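1. quick one, structure for this:
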Amino acid sequence: MRREQEGSSRQAGLARGLLAMVLAGTLSVPGTAKPVETLRYTYYTVSGDTAAEIYRAMLKKGPDVNGAKAYAATSATTTQQGKLLQEKSCSIVEYRLKLDFIVKLPRIRNEKVLPPADRRLWRQFSAFLKEHEDTHRRIWTACATDLEQKVKAIVARSCKDVDRKAAQLWDRMRAACDRKHTAFDAAEQKRLLAHPFIKRVYRRAAGIPD
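-> Numbers count the residues shown, from 1 in each chain. Now for the predicted structure:
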């Protein structure tokens, strides 16, 4: 048996509805090994002399996720492998779940050109985005850990039934995990709006002095 699935998470631009971060509680089963995981960070370059210019560059050059512009994005390719073993009953042996993550983040070309206050706020916002995407990754890992334990426990009379049950668990995990990602983003919308970097961009766009 072998199945692959891709998923992604995002923080959308202000004009399309703001997403934010909240620390997700771990869902992994105590005492169990986590799935194999790889992680790679990639970057797109933004430039500008002010916080507002950097913000506009992110909206222009940020990744596209599900038809919306994003500040940052995480893609997860999930692969599961194993063997069906038929004896008196059938089970899955040598089951392995693997997660390959790619996190895309903004990187400023030359932050030294920013005024000191804007530079400080940019660094805070950059760290904020990274933590947001890392939390999406932790949600995926928790979901995958739960799935792995359930799949390993499947026993049925026929291997056809085992494969069917494994496929059902896979589909349920994907749907449940997508709901967790959506809830995670929606829960902290206000926090992103209140971030000092975003507030500065808003205030300057409105002509309000700092």
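2. so D171 sits in a strand?
-> No - assessed by DSSP: H, G, I helix; E, B strand; the rest coil, D171 does not belong to a strand; its assignment is helix.
3. next, count neighbours for it.
-> 12 (other C-beta atoms under 10 Å). The way it works is simple: take the backbone N, C-alpha and C, and place the C-beta from them, glycine included.
4. now do the same for it: its pLDDT.
-> Note for D171: predicted pLDDT of 94.
5. equivalent analysis for P30, please.
-> Looking at P30, its pLDDT reads 37.
6. got it, and V103?
-> pLDDT, read off for V103, is 97.
7. where does it fall, phi/psi-wise?
-> Phi and psi for V103, reported as degrees, to the nearest 10, are phi -110, psi 120.
8. test my guess that it contacts T38.
-> No - counting by C-beta atoms under 8 Å, T38 is not a contact partner of V103; they are 11.4 Å apart.
9. neighbour count: the two, which is higher?
-> Legend: neighbour count by other C-beta under 10 Å for V103 and T38, higher for V103 (22 against 10).
10. for the more buried one, which residues make a bridge with it?
-> For V103, the beta-bridge partners are Y41, T74 (DSSP bridges).
11. list the buried residues for the host helix or strand of E133?
-> Secondary structure assigned from DSSP states H and E places E133 in helix 116-152. Residues of helix 116-152 classed as buried by neighbour count (16 or more other C-beta atoms under 10 Å): 118-119, 121-122, 125-126, 128-130, 132-148, 150-152.
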